[in-house]
Each structure stands twice: as C-alpha cells, then as structure tokens.
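1. no FASTA, just this:
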DNA sequence: ATTGACGTTTACGTTAACGTAAACGTCAAC
DNA sequence: GTTGACGTTTACGTTAACGTAAACGTCAAT
C-alpha cells in the first residue's frame, strides 16, 4: 500500500537511504566497510535502523565540513555514553575541546571568505556598470 | 643583518613560506604545478611576492574549509578584476552566490556539530561524576 | 676543495574515498 | 519461465593531494 515503506517497522533499505541522501549504494557499503555503520541483516540483505540513518546523516555533515571519515567517526563516537575510565574520559574531553577549536577556526575562515565574496560581488557589479556606459 | 629577510625587497623564498605556513616546499611546488601560484624566477630559483603569499594563505584557508584546490582557485579568481563580457560577469555573480550558499550551509553544519560537542561534554562530565562516587 | 644548507627537476609511491564492472542470487510480475 | 528491479560479493580502476627518493646545481663557510 506504500511505495517507499515496504517493511514492517522503522527501517530502511540501502537504496532508500541512497536516494534520500543523494549518494550511491556503493558509498553506503563503503562506509560499512570502514566501520562507520553496522546495519542488521535480514538474510543477506542489509536493514537500516533510524540510528543507522542518523549516523549516515552525521557522516555527510562531516563531509561537508571537509572532515575525513575517521574524523567523522571520532565525532560520532564522542556522542555515545563514554564507557571508559577517568583517564579516558579526560582524554575525550581534550579531543572534544580540540574539535571545538577547529570548528571555531572554520567559522572564522568562513567569515573571511564571505567578506571576500562580498567584495567580489561589488567589483563584479562595478564591472557590469562599465558595460552599461 | 637579518636572518629571515635575505633579499632586497618584499619577497620570500620557498622555505620561508613553507615554514611560516607549516607546509613543505613540495606542497608549494605542487600548487605551482596546479597553476595556483606563479612566482617569479631569479635564475632557477623561485621568488615569491607578497601577492603570492596572499594566494597561498587563501589556498590554505580553503583547505581548512574542505575545499579542493580547484574550488580554492575558483574563489581566488573571483577576487581579481573581472575582465569578461556581461554574460560572463553575470555567470560570475551566479557562482559567487552559489559559493555563498555553500558557506552558509557550512555555518549551519558547524552550529549543529558544536551543539553535539556540548552534549558530548555534558555526558562525559556526567560519566566522570559517576567515577567520583 | 669539501661540507652543509638550500635550491632545482624528474619520477615513482601512497592514501582516501569512492566508481565501475562482473557475476551472481531472489523475488514479484507478466 | 523469463524479464526486471533490487540486492549481494569481489575486485580492479581512478582522482586528488601530496610524500619520498634520487640525482644534481650553487653558494657561503670551514
């Protein structure tokens, strides 16, 4: 009765996710190879949970920020309950702060480039003015 | 009389730039191969102007934002006087706006990830609390 | 005149992140 | 019963962005 949701519960096929995020199934399997996603199997077939979907979304977000898959994995791993000892937890806090600083740098970089683009727009419009004379 | 500025005027050697920006000379030559920088030659030796230095800085900024060298080149090329006809100038405005939109997306992404990191910090500190009991 | 520090060119090697193709299984539809 | 859509594994290919090594020139210092 529904074209997109063939399955019973809250799950997705690989091609559903591929289409939703505009990537290929090959890419999704590649992420699995790299240990970024671990879908269940119904026989041979991969079945993706909402959590898997979220992880995929986070990976692609990291990608847009120029993060490598390893970096994205790191950030994702920061999210779940830290199950380590005190030393590990403190190192985690360090890594988090380090990422935070990197992102702040990116924010500054973006501001600079946006300012550049403003100037570029101004100059281009000025050049267009010339043509109208 | 000066250790860093051997040359007469406002110019840099390849190793000076490499050291300043924390990259290798190989990398700088690679950028030249790709047509991103075009230093002058004093005989065989490359001599970099302040403009070359700025271009290098812009390349590295793009790199931090996850831009490819081609994308960085595009942005840099947007900066100089647009020497084309009206059609070209209008296409340039389009590309600029497109880049702007991409950067805005990155800003949103960064905000999301920063929020994630805040949560991660909170959970990690909570886990540390557990250990002190 | 040889040693270093710095520069050069040429060229093969490497890693990440997939693309692409082959060869096959499966299941509903015609 | 075969066609087509979707899934699978296996494996080789590709592009970007450098790394690394070889083999050499140059110039100041010892």
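-> Looks like it arrived, so ask away. As the structure is a prediction and not an experimental result, all values here were calculated from the model.
2. in stretch A:31-50, what's buried?
-> For stretch A:31-50, burial by neighbour count (16 or more other C-beta atoms under 10 Å in any protein chain shown) applies to A:31-32, A:36-37, A:39, A:46-49. To be clear about C-beta, it is placed using only N, CA and C from the backbone, and glycine gets the same treatment.
3. likewise stretch A:18-35?
-> In terms of neighbour count (16+ other C-beta under 10 Å), stretch A:18-35 has its buried residues at A:18, A:23, A:27-28, A:31-32.
4. average pLDDT across it?
-> Mean pLDDT, computed over stretch A:18-35, is 97.
5. what about stretch A:29-42, near DNA strand D?
-> Yes - residues of stretch A:29-42 contacting DNA strand D under C-beta under 7 Å from any atom of the strand: residue A:29.
6. ok, and what's touching the one helix or strand residue A:15 maps to?
-> Taking DSSP states H and E as the definition, residue A:15 sits inside helix A:14-21. Applying C-beta atoms under 8 Å, 6 or more residues apart in numbering or on different chains, the external contacts of helix A:14-21 come out as A:4, A:12, A:24-25, A:27-29, A:39, A:46, A:48, A:52-53, A:56-57, A:60.
7. for those residues, which one is nearest residue A:78?
-> residue A:57 (15.7 Å; C-beta to C-beta).
8. and after the helix or strand that closest one falls within, which helix or strand comes next?
-> Taking DSSP H and E as the criterion, residue A:57 maps to helix A:50-64. Downstream of helix A:50-64, the first helix or strand assigned by DSSP H and E is helix A:69-79.
9. pull up the residues of chain A that are close to DNA strand C.
-> So chain A meets DNA strand C at A:23-24, A:26-27, A:30, A:34, A:44, A:63, A:68-70 (C-beta under 7 Å from any atom of the strand).
10. what's the neighbour count on whichever residue of chain A sits closest to DNA strand D?
-> Residue of chain A nearest DNA strand D, by C-beta to the nearest atom of the strand: residue A:15 (2.9 Å). Look at residue A:15: counted by other C-beta atoms under 10 Å in any protein chain shown, it has 11 neighbours.
11. what average pLDDT does stretch A:93-104 get?
-> Per-residue scores along stretch A:93-104 average to 96.
12. could you pull out the buried residues of that stretch?
-> A:93, A:95-96, A:99-100, A:102-103.
13. which non-adjacent residue is nearest the residue of chain A found nearest chain B?
-> Residue nearest to chain B within chain A: residue A:66 (1.7 Å; C-beta to the nearest C-beta). Closest residue to residue A:66 apart from its sequence neighbours, by C-beta to C-beta, 6 or more residues apart in numbering or on different chains: residue B:66 at 1.7 Å.
14. may I ask you to confirm that that neighbour is in contact with residue A:62?
-> No - with contact defined as C-beta atoms under 8 Å, residue B:66 does not reach residue A:62; the gap is 9.3 Å.
15. quick one: which of the buried residues of stretch A:18-35 is nearest DNA strand C?
-> In terms of C-beta to the nearest atom of the strand, no member of those lies closer to DNA strand C than residue A:27, at 3.8 Å.
16. what helix or strand is that closest one located in?
-> If you go by DSSP H and E, residue A:27 is part of helix A:25-33.
17. now the lengthiest helix in chain A and helix B:69-79, what's the angle there?
-> The helix spanning the most residues in chain A, taking DSSP state H as the definition, is helix A:86-131. Between the axes of helix A:86-131 and helix B:69-79, defined by axes from the mean of the first three to the mean of the last three C-alpha atoms, to 10 degrees, the angle is 40 degrees.
18. helices and strands around helix A:86-131, which ones?
-> helix A:69-79, helix B:50-64, helix B:69-79, helix B:86-131 (3 or more C-beta pairs under 8 Å, 6 or more residues apart in numbering or on different chains; DSSP states H and E).
19. I'd like those helices written out as TSV, with distance to residue A:132 added.
-> Below are those laid out as TSV (distance: least, C-beta to C-beta, whole Å):
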stretch	distance to residue A:132
helix A:69-79	48
helix B:50-64	30
helix B:69-79	21
helix B:86-131	8
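20. got the contact list for residue A:12?
-> Residue A:12 touches A:20, A:47-49, A:52-53, counting by C-beta under 8 Å, 6+ apart.
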